[in-house]
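>>> Just the structure for this:
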Amino acid sequence: MGRLFGTDGARGVAITELTCELAMQIGRAAAMVLAGECGHTPKMIIGKDTRISGDVLEAALAAGICSVGANAHILGVVPTPAVAMLVKKYGADAGVMISASHNSVEFNGIKLFSGSGFKLPDKTEQEIEALILDTPEKMQLKDGCDIGRMVFEENAVNDYVDYIKSAVAGDMSGIKAVIDCANGSASATAHQIFEGIGAQCEFISCEPDGTNINENCGSTHLGNLQKAVKERGADIGIAFDGDADRCLAVDENGEIIDGDKLLAIFSRYMKDCGKLKNDTCVVTVMSNIGFFKFAESENVNAKITAVGDRYVLEEMLKNGYNLGGEQSGHIIMLDHANTGDGELTGAKLLEIMAAAGKKASELAACMESYPQVLVNVKITADKKGMWSKTAAVTEAIAKVEQALGADGRILVRESGTEPLVRVMLEGKNTEEITAFANEVAALIEQM
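Coordinates of the predicted model:
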């Protein structure tokens, strides 16, 4: 990770940590770095989710971009994947999304995309960081007629909606769906998308007021969606996070279909249709062991990366794969999008239901999820990396691995965003893996 940008952009408590000044500096530095690469007046598009701080940070970013002579095109409230798609359609040199994704309202973030619609490469992010932190005096302000312009793109939502609808085929008129918009970006687009592809839809958590994004709703809080699906006799429930780059689902019985099960459903369907490139799906080390057993039984190659959708994408681009994602619901379909797209994922799930003529529960039955236990251990900065060098911890991990055998696993890793060591276990016996997780966590705490 860089000094400002983590695995998913710059993020913090809005205004006090992710300040207006920092947002302005990111706008300036990004525009200047891009100006050196593109050889013309840079054009940058800016999208945001529904957080109350979004307007303030948008204004600061746009001011920074324009103050060094670049043009800022304002999209308004759109999903993150809309920025990745529209940056190419509008011929922009870069895209910026203001969002803290699934985090609560007090947080916000700034995520940068290249002109090709992919997240900026590390080298470019490092150049931007260096300008801001090491040589801010090099950011020369313009004046007079050299100042950049602000342009409001009034068709951004419609252009994105039309693209998602064009990526879906089939007759969805017989499917009744409940859609949870997390009071976030999907509130601006989901009605047009899901009603536009013919599904019978009811929408919940789609009345954002600036303060209720992700609040007891969306992909991180599925209780309301589970209840709504069962009460309304729906065939499927679909939930997004605040910026709609994640999607999770709920079957007709209220059972959760997580990202691993979605990937299993898509892998099987795409392989049967001859559309799964190299018969491969890219997943992370956090994917449920049940997915790997599914992949083995279906002759699907499971390629494993570190946690983070950017690492999944890197592997997909490197080796020509077209499907990958995370348990959290970041599903990347490179035939249609350059990043995780929750609404594309949800729409394609309905397409598969219609094409297969199966219930959601029947589709999800292709994979058995193993019980999973996660224990987070807080550590101080001086303890980073020590767990892997502490004999008592490594011996305990080896003991657990031997006890679980082929029917379970243990994964211990440090968080990339928080001062935590995460101890994750999977196995068939919940009580057993809980005891193992607590045992290893206790040893890490004692370091």
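
>>> Next one, pLDDT for residue 123 please.
Per-residue pLDDT puts residue 123 at 86.

>>> who's in contact with it?
Applying Cβ atoms under 8 Å, 6 or more residues apart in numbering to residue 123 gives no contacts. In this view, the C-beta of every residue, glycine as well, is placed from N, C-alpha and C.

>>> Got phi/psi on it?
When read as degrees, to the nearest 10, the backbone of residue 123 gives phi -60, psi -40.

>>> what does residue 87 give?
Residue 87 adopts backbone torsions of phi -60, psi -30, taken as degrees, to the nearest 10.

>>> Repeat that for residue 378.
phi -70, psi 140.

>>> From residue 88, how far off is it?
42 Å (Cβ to Cβ, to the nearest Å).

>>> And for residue 287?
From residue 287 to residue 88 the distance is 30 Å (Cβ to Cβ).

>>> Can you pick out the residue with more neighbours from these two?
Neighbours per residue, other Cβ atoms under 10 Å: of residue 287 and residue 88, the larger number sits with residue 287, 25 against 15.

>>> Grab the nearest non-local neighbour of that one.
Of all residues not flanking residue 287 in the chain, residue 260 sits nearest, at 5.3 Å (Cβ to Cβ, 6 or more residues apart in numbering).

>>> pLDDT score for the one you found?
98.

>>> Might you report the residue contacts of it?
Contact partners of residue 260, counting by Cβ under 8 Å, 6+ apart, are 283, 287-288, 290-291, 327, 367, 369.

>>> Now go through the residues you listed and say which are in strands.
Among the contacts of residue 260, the members falling in strands (DSSP state E) are residue 283.

>>> re earlier: wait, a helix at the residue nearest to residue 287?
Yes - counting by DSSP: H, G, I helix; E, B strand; the rest coil, residue 260 is part of a helix.

>>> Look up how far residue 328 lies from it.
10 Å.

>>> Residue 133 too?
Residue 133 is 30 Å from residue 328, by Cβ to Cβ.

>>> Would you mind telling me which of the two has more residues around it?
residue 328 (22 against 13).

>>> which residues does that one contact?
102, 219, 246, 258-259.

>>> which pair in these spans the largest distance?
102 and 258 (13.7 Å; Cβ to Cβ).

>>> Can you tell me what sits against the longest helix along the chain?
In the chain, assigned by DSSP state H, the helix with the most residues is helix 20-38. Helix 20-38 has contacts (Cβ under 8 Å, 6+ apart) with 4, 10, 41-42, 44, 56-57, 59-65, 67-70, 72, 93-94, 96, 110, 112, 115, 124, 127-129, 131-132, 136, 138-139, 148.

>>> Of these, keep whichever come out buried.
Among those, those that count as buried by neighbour count (16 or more other Cβ atoms under 10 Å) are 4, 10, 42, 44, 56-57, 59-65, 67-70, 72, 93-94, 96, 110, 112, 115, 124, 127-129, 131-132, 139, 148.

>>> Tell me which entries of these lie within strands.
Counted as lying in strands by DSSP E, out of the buried ones among the contacts of helix 20-38, are 10, 44, 72, 94, 96, 110, 112.

>>> and whichever strand or helix holds residue 394, what other elements does it pack with?
According to DSSP states H and E, residue 394 maps onto helix 391-404. Applying 3 or more Cβ pairs under 8 Å, 6 or more residues apart in numbering; DSSP states H and E, we find helix 391-404 packed against strand 408-414, strand 420-427, helix 430-445.

>>> Switch those over to TSV; also include mean neighbour count, distance to residue 195 and mean pLDDT.
Formatted as TSV, those follow (neighbours: other Cβ atoms under 10 Å; distance: least, Cβ to Cβ, whole Å; pLDDT from 0 to 100):
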stretch	mean neighbour count	distance to residue 195	mean pLDDT
strand 408-414	19	41	93
strand 420-427	22	39	94
helix 430-445	17	41	95
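
>>> and residue 203, which of these is closest to it?
So among the helices and strands packed on helix 391-404, strand 420-427 is nearest, using Cβ to Cβ, at 34.0 Å.

>>> Pull up the pairing partners for the closest one, direction included.
Sheet pairing here is set by DSSP bridges, and for strand 420-427 it gives strand 372-378 (antiparallel), strand 408-414 (antiparallel).

>>> ok, the residue of the chain positioned farthest from its centre - contacts?
Going by Cα atoms, centre = their mean, the residue of the chain most distant from its centre is residue 144, 40.5 Å out. By Cβ under 8 Å, 6+ apart, residue 144 lies in contact with nothing.

>>> Look up how far residue 424 lies from it.
58 Å.

>>> same question, residue 19
35 Å.

>>> isn't residue 228 right next to residue 205, touching?
No - the pair residue 228 and residue 205 fails to qualify as a contact (Cβ atoms under 8 Å) at a distance of 9.7 Å.
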